[in-house]
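Chemist: kindly return the folded structure for what I paste below:
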Amino acid sequence: MNSYNNSLILEAAAGKLTQRPPVWLMRQAGRVLPEYREVRKLAKSFKNMVKNPEMVTEVTLQPVDIFGVDAAIIFSDILVVPEAMGCDYEMEENTGPIFRKPIESIEQVHLLESSIAHQRLDYVYDAIKMTTKALNGRVPLIGFAGAPWTIFAYMIEGGGSKTFSKAKKWLYTKPEVSHLLLDKITQTTILYLKEQVKAGAALIQIFDSWAGMLSPFQYEEFALPYMSKICDALSPDVPVTLFAKGAFYARKSFAQTQCSVIGLDWTMPIEESILITESRKTLQGNLDPCALYGD
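Modeler: Below you'll find the model as predicted:
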């Protein structure tokens with residue numbers, strides 16, 4: 001473990017008792033900050049910004065300087081992974097991500113790269129190296145990726161959705177092809193995260209943003225095995241956090257994986273989660289983001 005002026009988050013992830021809970025916010029670097037908006041204006045587009053290591057370093061450091069949070073999280077996007085695999089996306093203002101050519105066939109799945117895709121993400125590793133250097137041991141840096149199911153959902157659906165019915169239809173009608181695609185995403189994600197760790201990420205978080213779209217049965221079949229594979233590959237090197245928004249039913253299964261930390265959303269009570277996970281893991285989160293509107 002590297003030496004940090006503030007290592008609260010690493011101590012907590014290791015299950016140690018800390019003098020207070022470490023604090024960081026999922027979108028701590030972002031449009032809430034005027035300083036961020038200035039950099040974003042210069043970048044012209046969100047994707048330009050994500051691919052510019054100097055800009056990424058600047059906005060990643062902003063909340064550390066302004067709020068004094070206990071961890072930095074690299075400014076990036078979960079959709080750099082499908083883009084590197086060969087499934088391009090655009091980020092439209094006020095709409096979100098759009099895939100002009102979503103995956104619609106097994107032929108497209110076979111064409112996707114999985115063994116060398118991570119080599120196209122040097123700009124992320126460069127940003128992590130630059131940010132780690134600029135942090136100079138003040139706080140640890142969190143690296144991250146999207147969970148395989150969430151990435152799958154975007155690649156099939158072609159963008160955000162209230163139901164992700166196209167993606168879920170694949171699970172019902174093309175289970176074997178679905179597993180093939182999920183496996184390719186998982187392979188790419190593992191290689192990508194290993195490079196993040198080499199570059200200086202001290203913790204890794206897996207964001208399963210659309211986990212709550214799946215039934216418990218579907219989550220066990222199409223999401224959990226891939227989350228577990230990522231934990232197996234990364235946990236010998238760094239603490240791994242699994243965060244599955246809306247999937248309250250996954251907490252018990254997550255406790256059986258090699259992850260160090262389980263992320264809770266605001267619908268998952270802490271006391272109940274301690275019982276469900278049998279105190280095996282560190283718990284993170286549970287704060288309703290709208291609590292920030294309070295006094």
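
Chemist: so which bits of the longest helix seen in the chain are buried?
Modeler: With residue count as the measure and DSSP state H as the assignment, the chain has helix 175-199 as its longest helix. Residues of helix 175-199 classed as buried: 177-178, 181-197, 199 (neighbour count, 16 or more other Cβ atoms under 10 Å). C-beta: built from backbone N, CA, C; applies to glycine.

Chemist: cool, and stretch 226-236?
Modeler: By neighbour count on 16+ other Cβ under 10 Å, the buried set for stretch 226-236 is 226-231, 233-234.

Chemist: so which of the residues you listed is the closest to residue 157?
Modeler: Each of the buried residues of stretch 226-236 was scored against residue 157 by Cβ to Cβ, and residue 226 proved nearest at 17.8 Å.

Chemist: the closest one reaches residue 152, doesn't it?
Modeler: No - at 9.1 Å, residue 226 and residue 152 do not qualify as touching, with contact defined as Cβ atoms under 8 Å.

Chemist: give me the common contacts of these two.
Modeler: Residues touching both residue 226 and residue 152 comprise 182, 185, with contact defined as Cβ atoms under 8 Å, 6 or more residues apart in numbering.

Chemist: so residue 269 makes contact with residue 285?
Modeler: No - using Cβ under 8 Å, residue 269 is not in contact with residue 285, being 11.6 Å away.

Chemist: give me the more crowded residue out of these two.
Modeler: Neighbours per residue (other Cβ atoms under 10 Å) separate residue 269 from residue 285, with residue 285 holding more: 17 against 13.

Chemist: that one: what's its closest spatial neighbour, skipping adjacent residues?
Modeler: The shortest distance from residue 285 to any residue other than its chain neighbours is 4.4 Å, reached at residue 264 (Cβ to Cβ, 6 or more residues apart in numbering).

Chemist: let me see the ranges of the helices in the protein.
Modeler: Taking DSSP H, the helices of the chain run over residues 8-13, 34-43, 46-50, 53-67, 80-85, 106-111, 122-135, 148-157, 165-173, 175-199, 216-222, 224-234, 251-254, 270-276.

Chemist: out of those helices, nearest to residue 25?
Modeler: Of all those, the one in closest proximity to residue 25, counting by Cβ to Cβ, is helix 53-67 (7.3 Å).

Chemist: contacts for the closest one, please.
Modeler: Identification of contacts with helix 53-67 by Cβ under 8 Å, 6+ apart yields 25, 28-30, 33, 35-36, 39, 42-43, 49-50, 69, 72-76, 123, 126-127, 130-131, 134-135, 138-139, 141.

Chemist: understood, closing this out.
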